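Chemist: return atomic coordinates for the entry below.
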Amino acid sequence: MSRARQPPLVTGISPNEGTSWTKVTIRGENLGTGPADLVGLSICGHNCLLTAEWMSASKIVCRVGPAKDDKGEIIVTTKSGGHGTSTVSFKLLKAEKIGILDQSAVWVDEMNYYDMRTDRNKGISPLSLRPTNPLGIDVDKGKIPQKDLEAMFPGVSGDFTSENFSATWYLIENHSGTSFEQLRLAASNLKKQATKKNEGSLAYVKGGLSTFFEAQDALAGLTELGCHDTAIHQRLESDGTERVEGSMTQRLENVLNRASDTADTLFQEVLGRKDKADSTRNALNVLQRFKFLFNLPLNIERNIQKGDYDVVINDYEKAKSLFGNTEVPVFKKVYAEVETRIGSLRSLLLDKLLETPSTLHDQKRYIRYLSDLHAPGDPAWQCISAQHKWILGLMQSCKEEFINDQRGVGAISLDLDADTGASTLSRIRDPASLKKGASLRSLRPSTWRYEAPQQVQFVEKLSDVVIGQLPNFWKLWISYVNGSLFSETGEKSGQVEKSKKNARQRQNDFKKMIEEMTHRLVKLVRGALLPSTLTEPELRLYGGWERTTELTGAWLTQVIHTVRIIFEALVALEIPNDLLQVIQDVLLELRHTCLLVTLHHTTDEVRRLAEKEDWVVDNEGITSLPARFEQCMVQMLQSLKEPMETKPGEVNLLQLDQVQDQASELCVDIMKVFINCLKQLSTKRDGDTSNSHMPVELTSPELFSGIQEDFCPTPEQHLLIILSNCQYLEKHTFLNLAEHFEKHGFTGTDKITRVSVQAVKQLDESLFDAYIERKSDPIVGSLEPGIYAGYFDWKDCSTPIGVRNYLKEALVNIITVHAEVFTVCKELVPRVLTRIVNGVAEEMSRLMQCVSSFSKNGAIQACLEINALRDAVASYLSSESHVSFKQALEALPQLHSGADQKLLEDLLNTFKSSMQLQLTCFQPSNVQPVKR
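Modeler: Next up is the predicted model:
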């Protein structure tokens, strides 16, 4: 019949070697279904069943007995599985025998364990020897929370070693999922274990009773015999009859005395060594018990070298609480050395705290360390004072560095991204970062440091120093005020309240520090950019810059941008506005200076625009000069947009009366300078523009084939081009600029526009008169000689056959002027021809009125020429020219004869027919110009 289970199999033992009575743990498979199923266990041939404790089907704990074999297998026998096998073996080590006189460096350590954390002697509780699983079945932990169990069973515990042990709690916690059969088996195991322990103690006592009785009888007989012999011996001696020698008791006493002397001699050295060992053990016991204190000086030194200051402080606080008031000399000596090391640590931490540069995190850390070490004085305020002096020195040395480089090489290659101390410049690019400041370097070209003036680079460097250090300085003060520099130990010791009290007392001192730093910043900026605003002593301290060229508006704008970033960074720290007012003041002056410098610079640029005139006109007769001027002004206004912008807390610069007046005057000066440029250009000669060519566009090029497409402008054409530009300025440019001025917040725009238009009108009238004088006078002057050429006489002339040549020449000259004006700007044609026709009409009226008398033919001839001239230029007649022609005709005799009127009409039609092509130019043009 086959067994229900497989035979036991041992697959592991731990430890796998040891001396007799070593406790081992046996692991394997099928090691029994319970303690009752285990019927045999042997290790190296020795039966170990008496010490065996069945834990589970895979685990048994027992002690190895004194077996004969040095190495052997582990065999387990169960009722259910029978005789088992083993895949591992156990090696039995033989204990070395030591005689009573043999020296040995090993003794049983009878010292109780000393817990350094609690300073209490903790003996080994007998309860700790109890099995961790008293029921002998597998533990099945439930999912009931510990808090719920505590609420269900108040005042008791599930720990079976506790005095308030609750079996219900233990079963719910460890066997909530165990079956009833398993629990019944566990109860049976528990009963067997209790019976086994009780029977073992009782059997031991019963088995030793006979031995105890025999020993007691022997001791009693020996005592009785000794007492009887002693009595006889004393009686004989007292009688004086004889001295009994060699009695049993006397001999026994002598033997015992000699044995005692021999033992003392033999064991004297051993006992001496034992006394020394006891002393050594006691000393080691003390060293072991108080090793924390004895090792503390060396540990402090090591932790200081590693930078573990927190560990040092914790150890020091512990040693101070334990041994601070000790009276034991050795402890006092060691504790004094600890205090010496701590004093050195205080000095080291204070040096590190006052060391510059350092980060805010390190400063707070060192202050906390010093407060926990109860350092004398006020380390936080010492750090604030040291930082204040260092920042001031850093700002001043920044200026000295630039001044020295300026005096030395003349140009510097300053790395503005270098780290000032502990990442001084990395803040702006943080904050965030600095959200304020990240825009500075991101927009710079790679060659910025070489192109920028030294003053601009200096302000940039100065801003890096201030924004990099002043925020940390302010945050350190805030932490000092609210007491956040200290640890929990400091809060408990009252250092927080003490710090707040000190901060309240030193508020004025700190305010003076901030004022000193902001004033130093402002004066350094003034010394570099606004030296005229400083006194002589201040110039010697904060100035010293060699001014080769004045900064342009663009560089001043960059400086304003930088100073604004400084201001915004300090405002973000919630520094009071009264401490930052000096920065606002210097910003206002820099903005004012930038405005004036930009306007002056624009004046110079406008003055140089005349050099850029190329005399190339478009189809409206305008050169690029007005557009260049307008572009120059718009660029000026755009460059002033950032400096003139009113940031929070700033004054609107353009609303100040003085600034308004200065800006308006300078803008008017710019307009006048440009108008003066036009005036200078109008007087240029051909030699000045020998390399300039102007493409000419004619509405009817077939009429003027002799005019080339490219030609050099004549002085008269210069006048026409300038006149065309003047008209464009008056109608367009000045109006556009007025809109731009108003858009950018400039006041006094009406005044600027009014003065500019007035000045350009004056120039226009002057140039127009000059052109008319050049063109009209020759035409008017040729009329009288032409009329009387060949001794012509109005009283004696032949019958008219047509218009004479002088009038045709005059018309051709007018046509030439028309062509010249139309080539440049057709909008000027009516204005120019009207003035010329007025002159011609006045001259004809004068000439006719000067004739004393006309013959009939003379009257017909005069009437023909006057009507022919009037009809030819009818499109350009003005009221004045109409009156002149009327007066001329009224000076002639009236033609009453129909034949004379018929002759006059025929001759007039003949003239118009013959001159039709030439006179076409006087008709209004319907041809639209082509845009190029």
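
Chemist: worst-scoring helix or strand of this structure, pLDDT-wise?
Modeler: Within the chain, no helix or strand scores below strand 694-695, which has a mean of 38 by mean pLDDT, DSSP states H and E.

Chemist: burial measure for Asn303, as a count.
Modeler: By other C-beta atoms under 10 Å, 18 other residues sit near Asn303. C-beta coordinates here come from the backbone N, C-alpha and C atoms, glycine included.

Chemist: and the helix or strand it falls within, what does it pack onto?
Modeler: Using DSSP states H and E, Asn303 maps to helix 291-306. Counting by 3 or more C-beta pairs under 8 Å, 6 or more residues apart in numbering; DSSP states H and E, the packing neighbours recorded for helix 291-306 are helix 309-323, helix 329-354.

Chemist: now the one helix or strand Glu739 maps to: buried residues?
Modeler: Assessed by DSSP H and E, Glu739 sits inside helix 734-743. Using 16 or more other C-beta atoms under 10 Å as the test for burial, helix 734-743 gives Phe734, Leu737, Ala738, His740, Phe741.

Chemist: mind putting those residues into JSON lines with distance to Leu807?
Modeler: Converted to JSON lines, the buried residues of helix 734-743 look like this (distance: C-beta to C-beta, whole Å):
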{"residue": "Phe734", "distance to Leu807": "43"}
{"residue": "Leu737", "distance to Leu807": "48"}
{"residue": "Ala738", "distance to Leu807": "49"}
{"residue": "His740", "distance to Leu807": "52"}
{"residue": "Phe741", "distance to Leu807": "53"}
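
Chemist: what's the longest helix in the protein?
Modeler: For the chain, the helix with the greatest residue count under DSSP state H is helix 248-289.

Chemist: which strands or helices does that helix pack on?
Modeler: Identification of packing neighbours for helix 248-289 by 3+ C-beta pairs under 8 Å, 6+ apart yields helix 209-239.

Chemist: try it again at 10 Å.
Modeler: In terms of contacts (3 or more C-beta pairs under 10 Å, 6 or more residues apart in numbering; DSSP states H and E), helix 248-289 is packed against strand 113-115, helix 209-239, helix 291-306.

Chemist: what about it, average pLDDT?
Modeler: Confidence for helix 248-289, expressed as mean pLDDT, is 79.

Chemist: surely Ala151 touches Pro145?
Modeler: Yes. Assessed by C-beta atoms under 10 Å, Ala151 is found in contact with Pro145 at 9.4 Å.

Chemist: what ranges do the strands span in the stretch 701-850 of the chain?
Modeler: 710-711 (DSSP state E, counting those that start in this stretch).

Chemist: that one: helices as residue ranges?
Modeler: Secondary structure of the stretch 701-850 of the chain by DSSP state H, counting those that start in this stretch: the helices cover 715-728, 734-743, 749-781, 783-787, 805-824, 829-850.

Chemist: ranking those helices by mean neighbour count, which comes first?
Modeler: Among those, helix 715-728 has the highest mean neighbour count (mean count of other C-beta atoms under 10 Å), at a mean of 23.

Chemist: show me what that helix packs onto, helices and strands only.
Modeler: Using 3+ C-beta pairs under 10 Å, 6+ apart: helix 715-728 touches helix 625-639, helix 657-682, helix 749-781, helix 805-824, helix 829-850.

Chemist: just confirm Val10 is within a strand.
Modeler: Yes. Counting by DSSP: H, G, I helix; E, B strand; the rest coil, Val10 is found in a strand.

Chemist: run through the bridge partners of it.
Modeler: Gly28, Ser86 (DSSP bridges).

Chemist: who's in contact with it?
Modeler: If you count contacts by C-beta atoms under 10 Å, 6 or more residues apart in numbering, Val10 has them with 26-29, 31, 41, 43, 60, 73-76, 84-90.

Chemist: how many neighbours does Met55 have?
Modeler: Using other C-beta under 10 Å, Met55 has 20 neighbouring residues.

Chemist: ok, back up a step: closest to Asp578 out of the helices of the stretch 701-850 of the chain?
Modeler: Nearest to Asp578, of all the helices of the stretch 701-850 of the chain, is helix 734-743, at 35.1 Å by C-beta to C-beta.

Chemist: what packs against the closest one?
Modeler: Identification of packing neighbours for helix 734-743 by 3+ C-beta pairs under 10 Å, 6+ apart yields helix 625-639, helix 657-682, helix 749-781.

Chemist: and the shortest one, what does it pack onto?
Modeler: The criterion is 3+ C-beta pairs under 10 Å, 6+ apart, and the helices and strands that helix 625-639 contacts are helix 553-572, helix 577-607, helix 657-682, helix 715-728, helix 734-743.

Chemist: can you say which of the ones you listed is packed in most?
Modeler: Looking across the helices and strands packed on helix 625-639 with neighbours counted as mean count of other C-beta under 10 Å, the highest average goes to helix 715-728: a mean of 23.

Chemist: can I get the CA coordinates of that one in CSV?
Modeler: C-alpha atoms of helix 715-728 as CSV (Å, rounded to 0.1, in the frame of the first residue of the first chain):
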residue,chain,number,x,y,z
PRO,A,715,20.0,125.8,-63.3
GLU,A,716,16.5,126.5,-64.4
GLN,A,717,15.6,122.8,-64.1
HIS,A,718,17.1,122.8,-60.6
LEU,A,719,14.7,125.6,-59.7
LEU,A,720,11.8,123.6,-61.1
ILE,A,721,12.7,120.5,-59.2
ILE,A,722,13.1,122.4,-56.0
LEU,A,723,9.8,124.1,-56.6
SER,A,724,8.1,120.7,-57.2
ASN,A,725,9.7,119.4,-53.9
CYS,A,726,8.5,122.5,-52.1
GLN,A,727,4.9,121.9,-53.3
TYR,A,728,5.1,118.2,-52.2
